[in-house]
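Trainee: All I have is the shape, not the residue letters:
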C-alpha cells in the first residue's frame, strides 16, 4: 500500500469514527457536514452554528439565551438587537426605568403582536383599543361619515394633505376653511386671515389665541362707553 492510499484511508477512518462517536461543532463552527454541539439553543444557519431563532447571543458571547416575550421586561444593556421574540419589537423604555419588548414606532400593539400603523386618512378599525394605531402624528381613528372610520386629524389640527397642522389663531393668515381655531373661520378672498365668528371676540386683544363669547366694551372708544353706561343706570332707577 503506497503512502497516498494510506492517507486517504486514514481520513475516511477518522470521519467514520467521528460520526460514530457523535462528533459536533461549537457555536460559530462549520456545521455543513457536522451537527452543532448544542442542539437546544443552536442551529445550523448558512453552514455555521448560530443561536436558534428562539434565542439571542448574550453580551459576553458565552451562550445563547431565550428571547424575551411580548411586552415583557428586557435588558436595555444587551447589545443584541434580536432579544425580543415577537417581530417588530425592540427593548424600549416603557416608563421610569422599566424597559420592555415593545412595538417599534411604525407598529402598534394588538395584544399579542405588532401591527403596522394606519396611513394618513386611511380606513381604520374603531374597535381597536390601542390609541396609537394611526401612523401620522396628531391623528386618531375617527368617524368620517356614515360608518366609515379613518385616521383623521384631531380637533386642534387640520389636514394639509399629508400631515396634521395646528389650527391658526385669530388674525393669522389662512388659505381655506377649517384651518382656524374653534369659533373662527378663514375669511377667504377678504382679509385671508382667521376671523372670529359673529358674537365672538378676539381674546386677548393683542396676539389673540381664542375667540370668546364675551363682548368687550373696552374695545369701543371711551367717549361712547360712558354715555351708554349712564343711560343704563338711568333706566334702572
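Mentor: Cool, the structure landed. Source: prediction; values computed, not measured.

Trainee: Just the pLDDT at the residue nearest to the spatial centre of the chain, thanks.
Mentor: Note on the chain: the residue nearest the mean C-alpha position is residue 105, at 3.2 Å, using Cα atoms, centre = their mean. Looking at residue 105, its pLDDT reads 94.

Trainee: Using the three-state scheme, assign it.
Mentor: coil (DSSP: H, G, I helix; E, B strand; the rest coil).

Trainee: now the helices for the chain?
Mentor: Using DSSP state H, the helices assigned to the chain run over residues 3-21, 222-235.

Trainee: Pop the domain breakdown of this protein in here.
Mentor: Per the record's domain assignment (automatic domain parsing), the chain is made up of the domains 16-65, 68-116, 120-166, 168-237.

Trainee: If I average pLDDT within each of those domains, which one is lowest?
Mentor: Mean pLDDT values for the domains of the chain show the minimum at domain 168-237, a mean of 81.

Trainee: So what's the residue count around residue 45?
Mentor: Applying other Cβ atoms under 10 Å, we find 13 residues neighbouring residue 45. C-beta coordinates here come from the backbone N, C-alpha and C atoms, glycine included.

Trainee: Quick check: the gap between it and residue 166.
Mentor: Computed as Cβ to Cβ, to the nearest Å, the residue 45 to residue 166 distance reads 50 Å.

Trainee: re earlier: what sits against the residue nearest to the centre of the chain?
Mentor: Contacts were defined as Cβ atoms under 8 Å, 6 or more residues apart in numbering; by that measure residue 105 touches no other residue.

Trainee: for residue 119, same thing?
Mentor: Contacts for residue 119 were tallied using Cβ under 8 Å, 6+ apart; they are 135, 136, 151.
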